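J.: Need the 3D shape of this:
(one chain, ligands or ions: 1)
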Amino acid sequence: MFVWAADLHFNSARTSPFQFGSSLAQRFPNAKGLILTGDISVSHRVASDLKDLHFGFGKPIYFVLGNHDYWDSSFRSADNLVREIHNDILYLQSDFPVDLGNSVQMVGVSGWYDAGYGEPGEVLMEDFYRIADLKKDPVAASRKRAEFMAAKLVSKIEFALSTGCEKLVIVTHIPPFEALAKEADHLAWYGSKVLGDCILKHAPSFKEVLVLCGHTHFAQKYVIGNILAYSGEAKRVLPVLAGTFDEATFSVSPI
Ligand SMILES: [Fe+2]
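T.: Now for the predicted structure:
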């Protein structure tokens, strides 16, 4: 069993990463690891916050970055800062699929919003001022990033299939399906259609596909074909768990 948290935002949280990790270790002594679906902190703090979290939790952490994790940096720089923090703190986006046994594998990419489920309109994200790559042309740069993320996922899917994966867990930040993003303020910046289309295209190659994402701070479940997708609950200033994932039954229990 794994524990899963979304949008912890440690840079503005009242609980420290160490305190949160320690409380998880006490509450879930049998957990094999912690899955994080992005928005952990902000760029210059992500690596140290993850180290403190791991110090408290004591088990492996599997994570992807969210949009906030790139603030005051660029895609390349922020990615480089978290690539090799610790053997037990795995950046899924740059790592091989993680074998969870019984033909279950876990892969991850941040994804990116692509204005595929809604028009860009007037609403601006703070990301557009705080992430270097988005300052010039945020809509075009976001779409390009979303396509790059989908291509990355395809290569991970192909690798997983070549090594006998039958059940795939996809960890991402931006909801790939409109149904998970619909409670959000502005659909253009809360969904990645290109990633959703990619998952829909490749899901038939697997027995089952599970998607875990964040970004909306709102717990939602969506089922389509053999795909089971969840967005995770999150609370401002109070880090909480979104759920638990049982790899043996391939099921999620939201908390
Ligand atoms: Fe986010």
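J.: For the rest of this, base every contact and every neighbour count on C-alpha atoms.
T.: Noted.
J.: I'd guessed residue 233 sits against residue 215; true?
T.: No: using CA atoms under 8 Å, residue 233 is not in contact with residue 215; the gap is 9.3 Å.
J.: which residues do these two both contact?
T.: residue 6 (CA atoms under 8 Å, 6 or more residues apart in numbering).
J.: And those two? Which one has more around it.
T.: Shown here are residue 233 and residue 215; by other CA atoms under 10 Å, residue 215 has more neighbours (27 against 23).
J.: can you map out the strands along the protein?
T.: Listed in chain order, the strands of the chain (DSSP state E) span 2-5, 33-37, 61-64, 89-91, 98-101, 104-108, 167-171, 208-213, 220-224, 227-231, 243-246, 251-254.
J.: Format the ones you listed as JSON lines; extra columns: mean neighbour count, distance to residue 196 and mean pLDDT.
T.: Output for the strands of the chain, formatted as JSON lines (neighbours: other CA atoms under 10 Å; distance: least, CA to CA, whole Å; pLDDT from 0 to 100):
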{"stretch": "strand 2-5", "mean neighbour count": "24", "distance to residue 196": "21", "mean pLDDT": "98"}
{"stretch": "strand 33-37", "mean neighbour count": "26", "distance to residue 196": "16", "mean pLDDT": "98"}
{"stretch": "strand 61-64", "mean neighbour count": "26", "distance to residue 196": "17", "mean pLDDT": "98"}
{"stretch": "strand 89-91", "mean neighbour count": "22", "distance to residue 196": "21", "mean pLDDT": "98"}
{"stretch": "strand 98-101", "mean neighbour count": "14", "distance to residue 196": "21", "mean pLDDT": "97"}
{"stretch": "strand 104-108", "mean neighbour count": "25", "distance to residue 196": "14", "mean pLDDT": "98"}
{"stretch": "strand 167-171", "mean neighbour count": "25", "distance to residue 196": "11", "mean pLDDT": "98"}
{"stretch": "strand 208-213", "mean neighbour count": "25", "distance to residue 196": "10", "mean pLDDT": "98"}
{"stretch": "strand 220-224", "mean neighbour count": "14", "distance to residue 196": "11", "mean pLDDT": "97"}
{"stretch": "strand 227-231", "mean neighbour count": "23", "distance to residue 196": "11", "mean pLDDT": "98"}
{"stretch": "strand 243-246", "mean neighbour count": "20", "distance to residue 196": "21", "mean pLDDT": "98"}
{"stretch": "strand 251-254", "mean neighbour count": "16", "distance to residue 196": "20", "mean pLDDT": "95"}
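J.: Save those as CSV, and put in distance to residue 190 too.
T.: As requested, these are arranged in CSV below (distance: least, CA to CA, whole Å):
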stretch, distance to residue 190
strand 2-5, 18
strand 33-37, 14
strand 61-64, 16
strand 89-91, 22
strand 98-101, 27
strand 104-108, 18
strand 167-171, 16
strand 208-213, 11
strand 220-224, 13
strand 227-231, 11
strand 243-246, 21
strand 251-254, 21
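J.: gap between residue 189 and residue 21?
T.: Using CA to CA, to the nearest Å, we find residue 189 at a distance of 30 Å from residue 21.
J.: do residue 231 as well
T.: As judged by CA to CA, residue 231 and residue 21 stand 21 Å apart.
J.: Return the residues of the stretch 101-250 of the chain in contact with the ion.
T.: Neighbours of the ion within the stretch 101-250 of the chain, by CA under 5 Å from the ion: residue 215.
J.: and the gap between the closest residue to the ion within the chain and residue 170?
T.: When scored by CA to the ion, the chain has residue 215 as its residue closest to the ion, at 3.6 Å. From residue 215 across to residue 170, the span is 15 Å (CA to CA).
J.: for residue 117, same thing?
T.: 20 Å.
J.: doesn't residue 43 make contact with residue 9?
T.: No: Residue 9 lies out of contact with residue 43 (CA under 8 Å); the separation is 11.1 Å.
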